[in-house]
Every structure is written in C-alpha cells, then in structure tokens.
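Novice: got a sequence here, can you build the structure:
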Amino acid sequence: MQDKINDMENMDKNAATNGLFIAGINIALQIIVYYTMPELFGKMYFSGILMVLNILIYVFFTLDLKKKNGEYWPFKEALKSIFIMSLVANIISLIFTSLFYKFIEPDAYDKIIVIITDNLTTMYEKMGMSEDQITKALKDVEKQFKSQYNPTILDFIKSLGISVLVGFVMSLIFAAIFKKNPPMFKPIEEEPES
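Specialist: Residues are numbered from 1 along each chain as shown. Below is the predicted model of the structure:
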C-alpha cells in the first residue's frame, strides 16, 4: 500500500515538473517573439502555429508521464497527472505574463495593440467587412488584449478560470487517448504437452 502511495506522489511530482517545463517553453517563446518578431502578434497563421506547437509539447510531456508511470496508466491516474501538469503550466504562464507585462514591459500593450490592430484591419478588409463591423471587432479585440497585457485582479481570476477549464477538457481528451488499462483477466498459460 505504501509503495502505491509513493508511486502516486512521484507521479504528482513528475506531472508538476513537466508542467514547469511546459511553462518554461511557453515563456521562452513569448519573450523571443516579443523582442524579436512582435509583428507576428495578431497574425492568424501565427496563432495557428502556436496552437499546434502547444499541442505537440503537451503530447510530448504526456507521453513522458506515461513512460514514467510504467506498463499501465488507467484513465483516472492519467487524468489526474495530465491535469496537474496542465494546471502548473497554466498558473506559472499566467503569473509570468501578468508580471512581465505589468512590471518589466509596462508599455507592451500600447506597442502590441498597434501591431494587432493593423494586422486585423488588413485581414478584416480582405474579408469584406464594413468600417462599422471592423471598428466593433477591433474594440472587442482591444478589450480582450487589455485584459491580457494589463489585467486587473478580476481579469486574472477570469483568465485562470478559463485556463483551468480548458486544461481540464484537454486533460480528459488526452487521458482518454493515452490511457492503458491492465487486462481484465489474467492470461491463461498453456501447459506444456507431455
């Protein structure tokens, strides 16, 4: 029984550690893009690339957890481990983003919103949207990015809640895909012929 408890504690530690690695990778990407290629903010293809890259990173670290768990990884254990990993990654990333844009780069919102507005205006015009539609859409985007780059306590809590919910749904999906249950029945061993 004690071995099982120790194994679960180790899996929780492994999940938290993997979450820290995921957060570190996301933070590094965010800093690199902000300082080297800020014009990518607001580009739809870049958002798509980041989403695919994030999924691949989560798959890699989920497979790492599965390997560390051993031969079998039941759904319940997989869900718990993946959710801990996701929760740690999301909390660390959110805290970093809030602190970085509030204290290290307080003018980031003004810099990035101009880039995003220009990129989105061009895209909306190509889509054939009217001036009124573009203006309304841009106001919504500005409000969203203001809460991301200069969040209030309520914005932070709301973002955290959304991150936890999305992380849980993702964890459910990944646990269903990567689980491996032990066999229901022990295989019958054939007796040697005499």
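Novice: measure Gly42 to Ser81 for me?
Specialist: Relative to Ser81, Gly42 is positioned 35 Å away (CB to CB, to the nearest Å). In short, each C-beta sits where N, CA and C put it, glycine included.
Novice: looking at the two, which one has more neighbours?
Specialist: Ser81 (28 against 22; other CB atoms under 10 Å).
Novice: and Lys126, what pLDDT?
Specialist: According to the prediction, Lys126 has pLDDT 89.
Novice: so what's the residue count around it?
Specialist: Lys126 has 8 nearby residues by other CB under 10 Å.
Novice: could you measure it against Gln133, distance?
Specialist: 13 Å.
Novice: over to Asp107?
Specialist: Distance from Asp107 to Gln133, by CB to CB: 29 Å.
Novice: more crowded one of these two?
Specialist: Gln133 (12 against 9).
Novice: what's the following helix or strand after the helix or strand harbouring that one?
Specialist: Element membership of Gln133, judged by DSSP states H and E, is helix 131-149. Scanning forward in sequence from helix 131-149 by DSSP H and E, the next helix or strand is helix 153-178.
Novice: give the buried residues for that next one.
Specialist: Asp155, Phe156, Ser159, Leu160, Ser163, Gly167, Met170, Ser171, Phe174, Ala175, Phe178 (16 or more other CB atoms under 10 Å).
Novice: may I ask you to name the longest helix in the protein?
Specialist: Longest helix in the chain by number of residues (criterion: DSSP state H): helix 2-36.
Novice: pLDDT averaged over that one - what is it?
Specialist: The average pLDDT within helix 2-36 is 87.
Novice: helices or strands next to it in the packing?
Specialist: helix 44-69, helix 75-99 (3 or more CB pairs under 8 Å, 6 or more residues apart in numbering; DSSP states H and E).
Novice: for Val141, which of those is the nearest?
Specialist: Among the helices and strands packed on helix 2-36, helix 44-69 comes nearest to Val141, with 12.3 Å by CB to CB.
Novice: shaky segments in the chain?
Specialist: 1-8, 186-194 (pLDDT under 70).
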